[in-house]
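Undergrad: Attaching a predicted model along with its sequence, questions to come.
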Amino acid sequence: MASLRLHLIFIPLLFAILLGPSLLAPASGAVITVTVSRDSVSIQMNFELTENLTTSLPTLDTVVDQSSPVLAPMQSGFQSMVPEARIEQLSLHARTEQIDNRTGLWVFQENYTITLSGVTNNSGGRIAADLAFLSSKNNQSITVSGVELNNVGRSYLVQGYQRFPPDSKTRYFAQTGEYTLPVTPELFTSSFSILDLSWTSHGVDRTGGYQPFNSSTIWNLQPRITPYNVTVGVGLTTEQTFLKKYVAYLGSSVEIIAPPSSQADGTTILFDLPTIAETIAPIIIVISLITAIATFLLERRISKPIRLARGRKR
């Protein structure tokens, strides 16, 4: 019975060790996900601008890689904060689509996958990853297939205000401000660039950090105010509501995933490389478990015929 109990304990434990990290891997819903490793940083950026401020957006559905003109302005944006930063790999899927005929809502999606080197430093087994590039203010023009990908405020959105001339029943909203004239929201919209990430450096709530026994250290950054959010309310009623609303907004959040026991010092992520003993220990545990299970099965196989033989002698 003791051997059977060992069997019932060891097998689930073995599967937990071998499969646990993959089963417990966190699913990210962040707009920007940054994964820190020893030699590089992986960045997944999934921007989705939703708007019906304009009547339509230019037609676009394209996939590009690091050989495209997109790389140079993106790399220079990162290098403005971390001069040694270098894009090793880049892929981008950009598309526009109308998602609601009734409200006229469109989406402008840009999904970037980037591998960035030159932002980590190994000082005797301790890695320092400089994530200052996350707050880069990139307002350079980036054009693919004749469509502007970055400065979309100036290129497309600001023209939408022409549809809504000021009157006593129209209100304009930008961030937390309310206006009776479109001047301030127009200026705010004209300066809007999708790749302006400077919002990550101020007005952000940071949560997370080191958690014992977790396979990763995770931080989440959420801006207190959405970096780009405008509304035009038309037909103000006596109840202070609007007959119609027209909007343009870009979601924003950041998730930073680093090795276990990592620490944050400003924009720098610090972690230690595992020692040889730490690397070998899990292997030793797995081998010990396999040996124990194999011994149990072998003992059971040998002892069964012996018990049967003894039974026949009786």
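TA: Received the coordinates, thanks.
Undergrad: Can you give me the distance of the closest residue to residue 134 other than its chain neighbours to residue 149?
TA: Distances taken as C-beta to C-beta, 6 or more residues apart in numbering place residue 200 nearest to residue 134, at 5.0 Å, with adjacent residues excluded. C-beta: built from backbone N, CA, C; applies to glycine. Taken as C-beta to C-beta, to the nearest Å, the spacing of residue 200 relative to residue 149 amounts to 19 Å.
Undergrad: Looking at these two, which one has more neighbours?
TA: Between residue 200 and residue 149, counted using other C-beta atoms under 10 Å, residue 149 has the larger neighbour count: 26 against 21.
Undergrad: contacting residues for that one?
TA: 70, 94, 110, 142, 143, 194 (C-beta atoms under 8 Å, 6 or more residues apart in numbering).
Undergrad: Now do the same for the closest residue to residue 148 other than its chain neighbours: its pLDDT.
TA: Nearest non-adjacent residue to residue 148, counting by C-beta to C-beta, 6+ apart: residue 155, 4.1 Å away. Among the per-residue scores, residue 155 shows a pLDDT of 98.
Undergrad: What is the three-state secondary structure of residue 155?
TA: Under the three-state scheme (DSSP: H, G, I helix; E, B strand; the rest coil), residue 155 adopts helix.
Undergrad: Tell me if I'm right that it and residue 142 touch.
TA: No. With contact defined as C-beta atoms under 8 Å, residue 155 does not count as touching residue 142 (10.7 Å).
Undergrad: any residues in contact with both of the two?
TA: Common contacts of residue 155 and residue 142, defined by C-beta under 8 Å, 6+ apart, comprise residue 148.
Undergrad: Between those two, which has more neighbouring residues?
TA: The neighbour comparison of residue 155 against residue 142 (other C-beta under 10 Å) goes to residue 142, with 24 against 17.
Undergrad: Could you check how far that one is from residue 260?
TA: Residue 142 sits 36 Å away from residue 260, going by C-beta to C-beta.
Undergrad: With adjacent residues omitted, what lies nearest to the one residue sitting closest to the centre of the chain?
TA: The centre of the chain sits closest to residue 33, judged by C-alpha atoms, centre = their mean, with a distance of 2.0 Å. Leaving aside its sequence neighbours, residue 33 sits nearest to residue 44 (C-beta to C-beta, 6+ apart; 4.4 Å).
Undergrad: list the helices and strands the helix or strand hosting that neighbour packs on?
TA: Under the criterion DSSP states H and E, the helix or strand holding residue 44 is strand 41-51. Applying 3 or more C-beta pairs under 8 Å, 6 or more residues apart in numbering; DSSP states H and E, we find strand 41-51 packed against strand 32-36, strand 105-117, strand 242-250.
Undergrad: buried residues in the very next helix or strand once past that strand?
TA: Scanning forward in sequence from strand 41-51 by DSSP H and E, the next helix or strand is strand 61-65. Counting neighbours by 16 or more other C-beta atoms under 10 Å, one finds that the buried residues in strand 61-65 are residue 64.
Undergrad: Please apply the same query to stretch 191-200.
TA: Taking 16+ other C-beta under 10 Å as the neighbour-count basis, stretch 191-200 is seen to contain the buried residues 192, 193, 194, 195, 196, 197, 199, 200.
Undergrad: for stretch 165-185, same thing?
TA: Here stretch 165-185 shows 170, 171, 172, 173, 174, 179, 182, 184, 185 as buried, counting by 16+ other C-beta under 10 Å.
Undergrad: So what touches the strand holding residue 44?
TA: Residues from elsewhere that reach strand 41-51, judged by C-beta under 8 Å, 6+ apart: 28, 31-35, 57, 99, 105-117, 119-120, 129, 131, 152, 157, 160, 194, 228, 247-251.
Undergrad: now these: which count as buried?
TA: When burial is judged by neighbour count using 16+ other C-beta under 10 Å, the buried members of those are 28, 31-35, 57, 106-110, 112, 114-116, 119-120, 129, 131, 152, 157, 160, 194, 228, 247-251.
Undergrad: In contact with the residue nearest to residue 134, which residues are there?
TA: Per C-beta under 8 Å, 6+ apart, neighbours of residue 200: 134, 135, 221, 223, 254.
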